[in-house]
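**Q** give me the fold of what follows.
(4 chains)
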Protein chains: 2
Amino acid sequence: MVTQSEENYLKVIYRLGKQGIEAVSTNAIAEQMETRASSVTDMVKKLAEKDLANYVKYQGVSLTKVGRLTAASVIRKHRLWEYFLVNKLNFSWDEVHEVAEQLEHIKSEKLTNKLDEFLEFPKVDPHGDPIPDKQGNFVKISKMLLSECKVGAIGVFVGVKDSSALFLQYLDKQNISLGNKIKILQREDYDQSLEISINASVINISHQTANNLYIQTN
Amino acid sequence: MVTQSEENYLKVIYRLGKQGIEAVSTNAIAEQMETRASSVTDMVKKLAEKDLANYVKYQGVSLTKVGRLTAASVIRKHRLWEYFLVNKLNFSWDEVHEVAEQLEHIKSEKLTNKLDEFLEFPKVDPHGDPIPDKQGNFVKISKMLLSECKVGAIGVFVGVKDSSALFLQYLDKQNISLGNKIKILQREDYDQSLEISINASVINISHQTANNLYIQTN
DNA sequence: AATAATTTTTAGACTTCCCTAAAAATTTAT
DNA sequence: ATAAATTTTTAGGGAAGTCTAAAAATTATT
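**A** Residues are numbered from 1 along each chain as shown, chains lettered A, B, ... in the order given. Sure, this is the predicted structure:
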């Protein structure tokens, strides 16, 4: 049995190490988990013991195949539940993370798959992040940060890099939502802020904001 | 914070002691929780410390008001989720218990109430058990065991006392489902088995079966 | 009412996951 | 290449929740 705590570590290692393939440092995990490096060492040993992770002292951790699948399954559940909360229970996109953090640990493959079916197999969660399928495969969406696009670029807002409640609420206030068409009109050299057209109106956004918005071009 | 384990104890004490009001013995709890009496003593002390239970050494446990409300909230969540699983995700009534045992511990009042709304405020779960409202009040349904009805009695099948998968599957096989109209045609003195009419057909059921079926008469 | 049987509690220990403090290894800087 | 800084691990310990075995209290029996 994989415990809730183990699942949380797997998630973090997966995220930090490009799907868990690259080795991740103890400190990086500790920071993400908001815990101490010594706790990470303990847990990582346990994950290795259970063949969920590859661990060599002082050289970081990566996930085994089983570890990666387990992590993907947790992420799948998290994102399906987020979709459920937003699209069926009318939560807003800034309220779902905490609850999904709990729901992602419910153990029942049948539940996950029936939920997926009930939601009609969504491909992305309410923040634009891809939902892996039963086999743990992600649909790779080609997207880029708005901050990295050239002036004149046109695209559709498809995801956020920062999904903190604060940022999401700011987007709500600015009337920026997933699916909106965006065009970069101007870039201010001084502070890299952008003038963009969105929703038939023209607004200014900071570099920080642009750096957290993904758009899909062409 | 009330832990998952504490919630499970509260549920059991609530069930065993007529809504947690009557004192319940350590052994009774241990049996229900499938654990040891010594573990129960430990936990019960902790519940008392947290003002969730009243505990006097060697004299059993009852719940405080807060303890009762907490227990009712867990039961509310359990039954709402069961309703969701059956009516939205198409689980059958014998498959939902295990999953609901996990879902009942998700902490989010908002989630519970939004789920309730999404389900259109169901009054009973898939086994006919009442779902308490936000305030922890149960709708008292007047029902009696089929085994205790007289020959000639007519009623509607509204709930099961035993909700084990085995019993529920047996009922499915016999085509007996909630809402069916039942009439007792005959009682066999030898073994208390009943001949009943249900679904426009006549079948025989054992005393054990009749003793686990609730019907609402008049 | 004394003894036997049962129930309940206490004592001590184990596991999981976390912590602090100190030691060891690695990396960076001089 | 050695010293300094940083990272990682080890050692030892704490809280929660469980267990077994033994002691204490209660209840039942004769």
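**Q** going by C-alpha atoms from here, please, whenever you check contacts or count neighbours.
**A** OK.
**Q** what about residue A:30, helix or strand, and which?
**A** According to DSSP states H and E, residue A:30 maps onto helix A:26-33.
**Q** same question for residue A:101.
**A** When elements are assigned from DSSP H and E, residue A:101 belongs to helix A:96-103.
**Q** which helices and strands sit right next to the helix or strand where residue A:7 lies?
**A** In this structure, residue A:7 sits in helix A:4-16 according to DSSP H and E. Contact analysis of helix A:4-16 by 3 or more CA pairs under 8 Å, 6 or more residues apart in numbering or on different chains; DSSP states H and E lists helix A:26-33, helix A:37-49, strand A:61-63, helix A:65-87 as its packing neighbours.
**Q** can you pull the buried residues of that helix?
**A** Neighbour counts over helix A:4-16 (16 or more other CA atoms under 10 Å in any protein chain shown) mark A:6, A:7, A:8, A:9, A:10, A:11, A:12, A:13, A:14, A:15, A:16 as buried.
**Q** residue A:37: which of the residues you listed is nearest?
**A** Within the buried residues of helix A:4-16, distances to residue A:37 taken as CA to CA reach their minimum at residue A:9, with 12.5 Å.
**Q** and that closest one, what pLDDT?
**A** Confidence at residue A:9, expressed as pLDDT, is 98.
**Q** would you agree it is in contact with residue A:33?
**A** Yes - with contact taken as CA atoms under 8 Å, residue A:9 and residue A:33 are classed as touching, separated by 7.4 Å.
**Q** how about the residue nearest the centre of chain A, nearest residue that isn't a chain neighbour?
**A** The residue at the geometric middle of chain A, judged as the C-alpha nearest the mean C-alpha position with CA atoms, centre = their mean, is residue A:129 (5.3 Å). Distance criterion CA to CA, 6 or more residues apart in numbering or on different chains; nearest residue to residue A:129, sequence neighbours excluded, is residue A:159 at 6.6 Å.
**Q** so that neighbour touches residue A:180, yeah?
**A** No - with contacts counted by CA under 8 Å, residue A:159 stays clear of residue A:180, the gap being 10.6 Å.
**Q** what packs against the helix holding residue A:30?
**A** Helix A:26-33 sits against helix A:4-16, helix A:37-49, with contacts defined as 3+ CA pairs under 8 Å, 6+ apart.
**Q** including distance to DNA strand D, could the ones you listed go into CSV?
**A** Formatted as CSV, the helices and strands packed on helix A:26-33 follow (distance: least, CA to the nearest atom of the strand, whole Å):
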stretch, distance to DNA strand D
helix A:4-16, 13
helix A:37-49, 4
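**Q** to residue B:192, which of those lies closest?
**A** Using CA to CA as the criterion, the shortest distance between residue B:192 and the helices and strands packed on helix A:26-33 is 49.3 Å, found for helix A:4-16.
**Q** now the angle from that closest one to helix A:65-87?
**A** The directions of helix A:4-16 and helix A:65-87 differ by 90 degrees, with axes from the mean of the first three to the mean of the last three CA atoms, to 10 degrees as the criterion.
**Q** chain center to helix A:4-16, what's the gap?
**A** Distance of helix A:4-16 from its chain centroid, counting by CA atoms, centre = their mean, to the nearest Å, is 13 Å.
**Q** and if you look at stretch A:15-31?
**A** Taking the mean C-alpha point of stretch A:15-31 and that of its whole chain, the gap between them comes to 15 Å (CA atoms, centre = their mean).
**Q** just stretch A:45-62 next, same as before
**A** Stretch A:45-62 has its average C-alpha position 24 Å from the chain's average C-alpha position, going by CA atoms, centre = their mean.
**Q** stretch A:56-75 now?
**A** In terms of CA atoms, centre = their mean, the gap separating the centre of stretch A:56-75 from the centre of its chain is 17 Å.
**Q** what's the span of that stretch from first residue to last?
**A** Using CA to CA, to the nearest Å, the span of stretch A:56-75 from its first residue to its last is 26 Å.
**Q** check stretch A:11-31 too.
**A** Start-to-end, stretch A:11-31 (CA to CA) is 14 Å.
**Q** just checking it against DNA strand C, any contact.
**A** No - looking at stretch A:11-31 against DNA strand C by CA under 7 Å from any atom of the strand, there are no contacts, and the closest approach is 8.0 Å.
**Q** near DNA strand C, which residues of chain A are found?
**A** Where proximity means CA under 7 Å from any atom of the strand, the interface of chain A facing DNA strand C comprises A:3-6, A:34-36, A:38-40, A:42-43, A:46, A:58-59.
**Q** from those, list just the buried residues.
**A** Taking 16+ other CA under 10 Å as the criterion, what is buried in the residues of chain A next to DNA strand C is A:6, A:40.
**Q** contacting residues for residue A:20?
**A** A:13, A:14, A:62, A:63, A:64, A:68 (CA atoms under 8 Å, 6 or more residues apart in numbering or on different chains).
**Q** the last one reaches residue A:12, doesn't it?
**A** No - using CA under 8 Å as the test, residue A:68 is too far from residue A:12 to be in contact (10.9 Å).
**Q** same list (the contacts of residue A:20) but as TSV, adding pLDDT.
**A** What follows is the contacts of residue A:20, written out as TSV (pLDDT from 0 to 100):
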residue	pLDDT
A:13	97
A:14	97
A:62	97
A:63	97
A:64	97
A:68	96
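**Q** and the residue of chain A most remote from its centre, what's its pLDDT?
**A** Largest separation from the mean C-alpha position in chain A: residue A:190, at 30.9 Å (CA atoms, centre = their mean). At residue A:190 the predicted local confidence, pLDDT, stands at 96.
**Q** what residues does chain A have near chain B?
**A** For chain A, the residues in contact with chain B (CA under 8 Å from any CA of the partner chain) are A:88-90, A:99, A:102-103, A:106-108, A:111, A:114-115, A:118.
**Q** of those, buried ones?
**A** The neighbour-count test (16+ other CA under 10 Å) marks A:89, A:99, A:102, A:103, A:106, A:107, A:111, A:114, A:115 as buried among the residues of chain A next to chain B.
**Q** before we move on, back to that, what angle separates the helix holding residue A:30 from helix A:37-49?
**A** Relative orientation of helix A:26-33 versus helix A:37-49 (the same axes, to 10 degrees): 100 degrees.
**Q** how far is helix A:26-33 from where the chain is centred?
**A** Averaged C-alpha coordinates place helix A:26-33 at 17 Å from its chain's average position (CA atoms, centre = their mean).
**Q** does stretch A:51-70 reach DNA strand D?
**A** Yes - legend: contact between stretch A:51-70 and DNA strand D by CA under 7 Å from any atom of the strand is shown at A:56, A:57, A:58, A:59, A:60.
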